[in-house]
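*Asks:* Next input, structure requested:
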Amino acid sequence: MIIKNKYAAIRGTLDFILSKKFLTFLFLLHLFHETPALCTYAVAHSQTKNIEKAILEEWPQIEPYFIGQGCCAMHFSVSHWPYYFLLSCVICFTIGLPIVFYLAYRTFSYLHNQKQTMSSKTYKMHQQLLYSLIFQLVIPTATIFIPFTSLAVFLIIQADNVVYVGQAMYIISTYHSLLNTMLMVFFIKPYRDVIFKYVIQKKFTGITPLNSS
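*Replies:* Residues are numbered from 1 along each chain as shown. This next block holds a predicted model:
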């Protein structure tokens, strides 16, 4: 959504993008995009009791660590709806991501073509903001969407040792907040100035003499 608005702002079509007709179209498009995952999840969730029963019949020793622990489980011999849910999530992500990156590419191209009609200050402002938006897109893609989509694919194909893959994907996802914070500090000058000022002050004035006894 942010990339789309930035592209529209550079093209001078932001009024159309923010019009009621276009926003209604986006709402319906988003609803259509999410409906398969929502519907398959609702049906899959209705099979929870049968799935839990089948899992405990096969692995009764895990009951203390499974029942009432908030676990999300699937058993394809009981119901294929969890499979359809995972598949719909993978499809939704793989459809949406190329569109977003295409809009980012188009925005860069149009900004470069309009460089001669902008002042240097305006061009640098648009460029810096665009770089910030791109990295804001890349970080959740690399730390959340790709890891969990990969995990969904491993579950769909019923790969071995998927537990270790899941743990690795969860660990990768924990880097999202750290990288996003570093990104904000790097691209937002007031934040950057405060951090650098604090570090410099600590470096040169943070040394305190030891009290002798």
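
*Asks:* centroid residue for the protein?
*Replies:* P140 (3.4 Å; CA atoms, centre = their mean).

*Asks:* Spatially nearest residue to it, not counting backbone neighbours?
*Replies:* Nearest residue to P140 in three dimensions, chain neighbours excluded: H176, at 6.1 Å (CB to CB, 6 or more residues apart in numbering). Using the backbone N, CA and C atoms, a C-beta is placed for each residue, glycine as well.

*Asks:* Quick one: residues in contact with the strand or helix carrying I171.
*Replies:* Using DSSP states H and E, I171 sits in helix 162-173. Outside of helix 162-173, the residues within contact range by CB atoms under 8 Å, 6 or more residues apart in numbering are T143, I144, P147, F148, S150, L151, F154, L155, A159.

*Asks:* which among the residues you listed end up buried?
*Replies:* For the contacts of helix 162-173, a burial check counting by 16 or more other CB atoms under 10 Å picks out T143, P147, F148, S150, L151, F154, L155.

*Asks:* Which member of the residues you listed is positioned nearest T35?
*Replies:* F148 (19.8 Å; CB to CB).

*Asks:* per-residue pLDDT, the closest one?
*Replies:* Note on F148: pLDDT of 87.

*Asks:* just the one 4 residues further on next, same as before
*Replies:* A152 is assigned a pLDDT of 86 by the prediction.

*Asks:* Setting aside sequence neighbours, what's the nearest residue to it?
*Replies:* Closest to A152 by CB to CB, 6+ apart is L86, at 4.4 Å.

*Asks:* ok so, going back, got a markdown table for the contacts of helix 162-173, with secondary structure and distance to F16 too?
*Replies:* Formatted as a markdown table, the contacts of helix 162-173 follow (DSSP: H, G, I helix; E, B strand; the rest coil; distance: CB to CB, whole Å):
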| residue | secondary structure | distance to F16 |
| --- | --- | --- |
| T143 | helix | 34 |
| I144 | helix | 31 |
| P147 | helix | 36 |
| F148 | helix | 34 |
| S150 | helix | 37 |
| L151 | helix | 39 |
| F154 | helix | 42 |
| L155 | helix | 42 |
| A159 | coil | 46 |
